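S.K.: Kindly return the folded structure for what I paste below:
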Amino acid sequence: MSMPFYVPAEQMMKDKADFARRNIARAKALAALFYADGILICAENPSSTLHKVSEIYDRIAFAGAGKYNEYDRLRIAGVRHADLKGYSFSREDVDAQSLANAYAQMLGDVFTHEIKPMEVEIVVAEVGPDAGGDRLFHIFYDGTVVDEVGFTVLGGEAEAITARLKETYQPGLALEDALRASVAALAGPGRTLEPSEIEAAVLARHNGRRAFRRLTDELTREALAGTHVTIEPEPDAPTAEATPGVSESSPEGSADTDGQPGTTDVPTEGE
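M.R.: Predicted structure coming up:
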């Protein structure tokens, strides 16, 4: 009878962490930051149909960087978790903190018990009735949760982008200023991002019950040019994401790539 191959637990955890960090570092980055009327999430993503940023519930958004098929599974699970809780109790009982804790448990369990960890980092954001109620949770591949203040950056070159954003970010920025600061930080010196290469969305207090809105290429272009941008609230209409007990969870609705599910978002994937 042969003896099973033994690997120390410390070495196994280190190998898993190195594997996850190495692949997440190849991903296109995104930044989430507080601005005067809510939370802005801005990502480098040239795809117009596959999104890195999505709505989870009335005033909650989700964003991810890393391996598309893995964080899209997390997005779908979050929609179902929020719908079930809102249906069983009340819409007001669905909050970003409980959702972030659920994600942390899922990622932690996979990291500990599975051979391969998830190659993702995610953000769960919630806009409150005032600035003091805004929440931004950064969840790492191993289930670590960080309650961020001001802004956070996910994906490749996160440290360099964070340093650049620190130089320009201030609390209470207008939407246009916040968008320009995040795009400049994502692009870096000597590089320009076109509006078609940017995916931006906001959780805005004035939008009503469903606070999530995407910024079109036209609105993004106006904001980057310094023009004041007004996002018109849409009437509250029942949708899968906002209707208790129903999930709008089409796997093709979010992405990190140019339409190749199951691959990391590296330059060869069109990002």
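S.K.: give me the element residue 161 is part of.
M.R.: helix 158-168 (DSSP states H and E).
S.K.: What's the first helix or strand after that helix?
M.R.: Remark: after helix 158-168, the chain's next helix or strand is helix 175-187, criterion DSSP H and E.
S.K.: how big is the angle separating that next one from helix 158-168?
M.R.: Interaxial angle, helix 175-187 versus helix 158-168 (axes from the mean of the first three to the mean of the last three C-alpha atoms, to 10 degrees): 140 degrees.
S.K.: re earlier: what comes up buried for the helix holding residue 161?
M.R.: Buried residues in helix 158-168, defined by neighbour count with 16 or more other C-beta atoms under 10 Å: 158, 161-162, 164-165. In short, each C-beta sits where N, CA and C put it, glycine included.
S.K.: what's it packed up against?
M.R.: strand 30-35, strand 151-154, helix 175-187 (3 or more C-beta pairs under 8 Å, 6 or more residues apart in numbering; DSSP states H and E).
S.K.: In JSON lines: the buried residues of helix 158-168, plus pLDDT and distance to residue 219.
M.R.: Formatted as JSON lines, the buried residues of helix 158-168 follow (pLDDT from 0 to 100; distance: C-beta to C-beta, whole Å):
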{"residue": "158", "pLDDT": "92", "distance to residue 219": "26"}
{"residue": "161", "pLDDT": "95", "distance to residue 219": "23"}
{"residue": "162", "pLDDT": "95", "distance to residue 219": "26"}
{"residue": "164", "pLDDT": "94", "distance to residue 219": "23"}
{"residue": "165", "pLDDT": "94", "distance to residue 219": "21"}
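S.K.: can you redo those as JSON lines with distance to residue 134?
M.R.: Formatted as JSON lines, the buried residues of helix 158-168 follow (distance: C-beta to C-beta, whole Å):
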{"residue": "158", "distance to residue 134": "21"}
{"residue": "161", "distance to residue 134": "21"}
{"residue": "162", "distance to residue 134": "19"}
{"residue": "164", "distance to residue 134": "22"}
{"residue": "165", "distance to residue 134": "17"}
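S.K.: Run the chain-centre distance for whichever strand or helix holds residue 22.
M.R.: Taking DSSP H and E as the criterion, residue 22 maps to helix 9-24. Centroid separation for helix 9-24 versus its chain: 22 Å, with C-alpha atoms, centre = their mean, to the nearest Å.
S.K.: And that helix, what's buried?
M.R.: Across helix 9-24, burial judged by 16+ other C-beta under 10 Å covers 16, 20, 23-24.
S.K.: Tell me the buried residues in the biggest helix by length in the chain?
M.R.: In the chain, taking DSSP state H as the definition, the longest helix is helix 68-88. In terms of neighbour count (16+ other C-beta under 10 Å), helix 68-88 has its buried residues at 68-79, 81-83, 85-86.
S.K.: Can you dump the C-alpha atoms of it in PDB for me?
M.R.: Extracted in PDB, the C-alpha atoms of helix 68-88 (Å, rounded to 0.1, in the frame of the first residue of the first chain):
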ATOM      1  CA  TYR A  68     -15.500  35.700 -15.900                       C
ATOM      2  CA  ASN A  69     -17.400  32.500 -15.400                       C
ATOM      3  CA  GLU A  70     -16.500  32.400 -11.700                       C
ATOM      4  CA  TYR A  71     -17.500  35.900 -10.700                       C
ATOM      5  CA  ASP A  72     -20.600  35.700 -12.900                       C
ATOM      6  CA  ARG A  73     -21.700  32.700 -10.900                       C
ATOM      7  CA  LEU A  74     -21.200  34.800  -7.800                       C
ATOM      8  CA  ARG A  75     -23.400  37.500  -9.300                       C
ATOM      9  CA  ILE A  76     -26.200  35.100 -10.100                       C
ATOM     10  CA  ALA A  77     -25.900  33.700  -6.600                       C
ATOM     11  CA  GLY A  78     -26.100  37.200  -5.100                       C
ATOM     12  CA  VAL A  79     -29.300  38.000  -7.200                       C
ATOM     13  CA  ARG A  80     -30.900  34.800  -5.900                       C
ATOM     14  CA  HIS A  81     -29.800  35.500  -2.300                       C
ATOM     15  CA  ALA A  82     -31.200  39.000  -2.400                       C
ATOM     16  CA  ASP A  83     -34.500  38.000  -4.100                       C
ATOM     17  CA  LEU A  84     -35.100  35.200  -1.600                       C
ATOM     18  CA  LYS A  85     -34.400  37.400   1.400                       C
ATOM     19  CA  GLY A  86     -36.500  40.300   0.100                       C
ATOM     20  CA  TYR A  87     -39.400  37.900  -0.700                       C
ATOM     21  CA  SER A  88     -39.200  36.100   2.700                       C
END
